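Engineer: Okay, here's the prediction I keep looking at, along with the sequence it came from:
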Amino acid sequence: MKNQRLEDRRQLHRYPHIMDAQGKLLGYLADISLHGMLMIAHHAIEPGDIQKFWIHLPKHLPFHQPIFPITVEIRWFRPYVHQDHLFVIGCQFPDLPVADQKLIQEIQSLLGFDPDFHPTRYVKPLDEA
């Protein structure tokens, strides 16, 4: 059986800031689906915690809402393989209103990689060497 989140998620080519209630930078949005999101964070957050985050979307793009408040349940965390001092955190959306679903689709459309794009590595033909 396929993991539905992996099928629906959209990796982003730009990582919006994720802030807490006091306006402190917690991390960055790396991918998002209608079921949850993946963030790269400065500190680990315990699984099971329910948190409210504010995602700050780029001002130069036509988002109908530049700051996106969202409630998440922390599902897991692990160290980020590319930076020792960061963490990757998996979050699930417990209840997602229709308006938030539309904004997530906007984020996927404006900040996500094209799902049909599959990068391939260019290999120089031997006769061009």
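Structural biologist: Received the coordinates, thanks.
Engineer: Please compute how far the strand or helix carrying Ile40 lies from its chain's middle.
Structural biologist: Ile40 is part of strand 36-41 when elements are defined by DSSP states H and E. Centre-to-centre, strand 36-41 and its host chain are 5 Å apart (Cα atoms, centre = their mean, to the nearest Å).
Engineer: Likewise for stretch 23-32?
Structural biologist: 8 Å.
Engineer: How about stretch 98-109?
Structural biologist: Distance, centroid of stretch 98-109 to centroid of chain: 12 Å (Cα atoms, centre = their mean).
Engineer: What would the longest helix anywhere in the chain look like as PDB? C-alpha coordinates only.
Structural biologist: Across the chain, the helix with the greatest residue count (assigned by DSSP state H) is helix 98-111. Extracted in PDB, the C-alpha atoms of helix 98-111 (Å, rounded to 0.1, in the frame of the first residue of the first chain):
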ATOM      1  CA  VAL A  98     -11.700  24.200   3.300                       C
ATOM      2  CA  ALA A  99     -10.200  27.800   3.200                       C
ATOM      3  CA  ASP A 100      -6.900  26.400   4.500                       C
ATOM      4  CA  GLN A 101      -7.000  23.600   1.900                       C
ATOM      5  CA  LYS A 102      -7.300  26.200  -0.900                       C
ATOM      6  CA  LEU A 103      -4.300  28.100   0.600                       C
ATOM      7  CA  ILE A 104      -2.200  24.900   0.700                       C
ATOM      8  CA  GLN A 105      -3.100  24.300  -3.000                       C
ATOM      9  CA  GLU A 106      -2.000  27.900  -3.700                       C
ATOM     10  CA  ILE A 107       1.300  27.200  -1.900                       C
ATOM     11  CA  GLN A 108       1.900  24.000  -3.900                       C
ATOM     12  CA  SER A 109       1.100  25.800  -7.100                       C
ATOM     13  CA  LEU A 110       3.200  28.900  -6.500                       C
ATOM     14  CA  LEU A 111       6.100  27.500  -4.500                       C
END
